[in-house]
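1. build me a model:
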Amino acid sequence: MKGYHSFRNYLRYYTVILLFLTLIIPSKSQNVLEDTIEQLSSDAVTGYIQPMVDSFGANINSGFPGSARIHRLGLTVRLQFIGMATLIGDAEKTYMATAPLPFSQQPVETATIFGDQGASVSHPAGIEYQFQNGQINTRYMPFVVPQLTVGDVFGTQLTLRYFPGSLVTERIEDFPEISLFGVGVRHSLSQYLPLFPVDLAVGGFYQTFSIGDFFDSEATAFFARVSKSFLLVTVYGGLQYETTDVTLSYTYTGPLPPGDQSDRNISLALQGENQFRATAGAGIGLGVLHLNADISVGKVIVASVGIGFGI
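-> Next up is the predicted model:
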């Protein structure tokens, strides 16, 4: 039982670290982020949060096993911790937005969630409207996931990603419950091509991630991998098609035009703009220790590193 509790405590601490890296900001600031979004109309919030949706989707669709070498019949059991980071450029820090009536309906450039100071517009009556400031000042958006891969059965491997939100809510009071689940399969094509000089594999992955009732997402990825091993080192690359669908739900608390009785309960469907990527990387195997790093280029640029233990 002592070992079980130690392992459970380890998972708790790991999940807290994962959340910190995922959200960039501590739990208390999460309420600030939600409050900020609740002050944005459905028209304004899309441009404000879209760069975060893009970076989140690119991150969560990264870090899948790189090597295409899968035996027809064998034993693979490997636990990995994958860190990803999407680069945030100047283009992701601003967007064009329109102030609510009675202010001018001419779009102005203002800060996204990754930006700095929000723009302000004035009205002839002497009143002023201030757009929301950015909340996450960073050059990269990190993410961390645990990943378990098992196989090999008829040239196929199964990969799982999972952690329960209860590990966080038990540890940090008033933190919105989060959850992550992902499942994927990879299948060897090399087994059908005897003496082919490189290893080939194809696969797919499906994931869900949620933060309370505020943020729900689904992500899918389909990829082809090629790799070549040289003693302890394996170099790999591939192409991938992916989608990320996010549902953002909140209660709008900002101003409405006089007489406007619009429903303040907002639910928006957003999509990550990253759909295609090319990946190149390398890994090294040192007995039961496995290290790898790669970079992916698509609509956004993502770097990932992994440390794994197993066979």
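
2. residue contacts, the most centrally placed residue in the chain?
-> Central residue of the chain (Cα atoms, centre = their mean): residue 56, 3.0 Å from the mean position. By Cβ atoms under 8 Å, 6 or more residues apart in numbering, the contact list for residue 56 reads 141, 143, 217, 244, 246, 272. C-beta coordinates here come from the backbone N, C-alpha and C atoms, glycine included.

3. just residue 111 next, same as before
-> Contacts of residue 111 (Cβ under 8 Å, 6+ apart): 93, 94, 117, 118, 119, 131, 132, 133, 134.

4. then residue 262?
-> residue 256.

5. if we can go back for a sec, let's see which of the contacts of residue 56 end up in strands.
-> Judged by DSSP state E, the contacts of residue 56 include 141, 143, 217, 244, 246 as members of strands.

6. where does the stretch 1-150 of the chain have low pLDDT?
-> For the stretch 1-150 of the chain, the stretches with pLDDT under 70 are 1-32.

7. and the helices in it?
-> Here the stretch 1-150 of the chain has its helices, by DSSP state H, counting those that start in this stretch, at 2-23, 27-38, 42-60.

8. tally of neighbours for the residue lying closest to residue 264 once chain neighbours are set aside?
-> Distances taken as Cβ to Cβ, 6 or more residues apart in numbering put residue 252 closest to residue 264, at 4.4 Å, once the chain neighbours are dropped. The number of residues packed near residue 252 is 19, by other Cβ atoms under 10 Å.

9. contacting residues around residue 252?
-> Contacts of residue 252 by Cβ under 8 Å, 6+ apart are 38, 39, 40, 41, 42, 264, 265, 266.

10. that older thread, filter the contacts of residue 111 down to the buried ones, PyMOL style.
-> With 16 or more other Cβ atoms under 10 Å as the burial test, the buried ones among the contacts of residue 111 are selected in PyMOL as follows:
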select buried, resi 93+94+118+119+131+132+134
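
11. mind checking how far the residue nearest to residue 264 is from residue 153?
-> The gap separating residue 252 from residue 153 is 51 Å, by Cβ to Cβ, to the nearest Å.

12. what does residue 58 give?
-> Distance of residue 58 to residue 153, computed by Cβ to Cβ: 31 Å.

13. if I pick residue 39, what's in contact with it?
-> Here residue 39 is in contact with 132, 252, 253, 254 (criterion: Cβ under 8 Å, 6+ apart).

14. looking at those, which is nearest residue 210?
-> Of all these, residue 210 sits closest to residue 252, with 20.7 Å by Cβ to Cβ.

15. list the contacts for residue 110?
-> Contacts of residue 110 by Cβ under 8 Å, 6+ apart are 94, 95, 96, 97, 118, 119, 131, 132.

16. who is it paired with across the strands?
-> Beta-bridge partners recorded for residue 110 (DSSP bridges): residue 95.

17. same question, residue 218
-> Counting by DSSP bridges, residue 218 forms beta bridges with residue 208, residue 245.

18. which residues in the stretch 201-311 of the chain form strands?
-> 215-230, 233-251, 265-271, 276-286, 289-297, 301-310 (DSSP state E, counting those that start in this stretch).

19. tell me which of the ones you listed sits nearest to residue 209.
-> That would be strand 215-230 among the strands of the stretch 201-311 of the chain, by Cβ to Cβ, at 4.9 Å.

20. quick one: which of the contacts of residue 110 is nearest residue 85?
-> residue 94 (21.1 Å).

21. is it true that that closest one touches residue 117?
-> No: in this structure residue 94 lies outside contact range of residue 117 using Cβ atoms under 8 Å: 10.7 Å.

22. so which of the strands of the stretch 201-311 of the chain is nearest residue 83?
-> strand 301-310 (5.2 Å).

23. just send the contacts of residue 111 back as TSV, with distance to residue 72 too.
-> TSV is the format used below for the contacts of residue 111 (distance: Cβ to Cβ, whole Å):
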residue	distance to residue 72
93	49
94	52
117	59
118	58
119	60
131	58
132	55
133	56
134	51
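
24. name the nearest of the contacts of residue 111 relative to residue 294.
-> Closest approach to residue 294 among the contacts of residue 111 (Cβ to Cβ): residue 93, at 25.9 Å.

25. what about residue 91, distance to residue 284?
-> For residue 91 relative to residue 284 (Cβ to Cβ), the value is 35 Å.
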